[in-house]
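Engineer: Give me the fold of what follows.
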Amino acid sequence: MTGELAGVIITVTFFVTTAAVVLLRPISRRIGEYLEALVAEKRAAARAADDRVQRALEEMNRRLALLEERVEFAEHLIVPAAPGDAERRIGPAPTGDGERR
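Structural biologist: From the prediction side, this is the model:
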């Protein structure tokens, strides 16, 4: 009796396992495809966010460079580099009769 019971248990287990694989394999495949699509969508969204941040940083870099250029230009107008530098840039001072020396 024990031998028959063991044979029945092994046979039933084999059929139940085979049926579970046959029935659940398509479902598990679809779940896997769904998860792959979900991951791909999240990666695309992350890439789009990275691109937006990159464009914003490039724009800030461009604006900062322009601002630095403007500040440098204003500093050169305001502060002479050497004691005689201001006279060389704007020329000699005018005399009282309207002529330059």
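
Engineer: Would you mind checking the average pLDDT for the longest helix that the chain contains?
Structural biologist: With secondary structure taken from DSSP state H, the chain has its longest helix at helix 2-78. Average pLDDT, helix 2-78: 92.

Engineer: other SSEs contacting it?
Structural biologist: Counting by 3 or more Cβ pairs under 8 Å, 6 or more residues apart in numbering; DSSP states H and E, no packing neighbours are recorded for helix 2-78 among the helices and strands. Glycine gets a C-beta too; all of them are placed from N, C-alpha and C.

Engineer: How far off centre is it?
Structural biologist: 15 Å (Cα atoms, centre = their mean, to the nearest Å).

Engineer: how about stretch 10-24: buried residues?
Structural biologist: Across stretch 10-24, burial judged by 16 or more other Cβ atoms under 10 Å covers no residue at all.

Engineer: Report the backbone C-alpha coordinates of that stretch in CSV.
Structural biologist: Taking C-alpha atoms only, stretch 10-24 is exported to CSV below (Å, rounded to 0.1, in the frame of the first residue of the first chain):
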residue,chain,number,x,y,z
ILE,A,10,4.4,11.2,-7.6
THR,A,11,2.0,10.9,-10.6
VAL,A,12,-0.4,13.5,-9.2
THR,A,13,2.5,15.9,-8.4
PHE,A,14,3.9,15.4,-12.0
PHE,A,15,0.5,16.2,-13.6
VAL,A,16,-0.1,19.2,-11.3
THR,A,17,3.3,20.6,-12.0
THR,A,18,3.0,20.1,-15.7
ALA,A,19,-0.5,21.7,-15.7
ALA,A,20,0.8,24.7,-13.7
VAL,A,21,3.7,25.2,-16.1
VAL,A,22,1.4,25.0,-19.1
LEU,A,23,-1.1,27.4,-17.7
LEU,A,24,1.1,29.9,-15.9
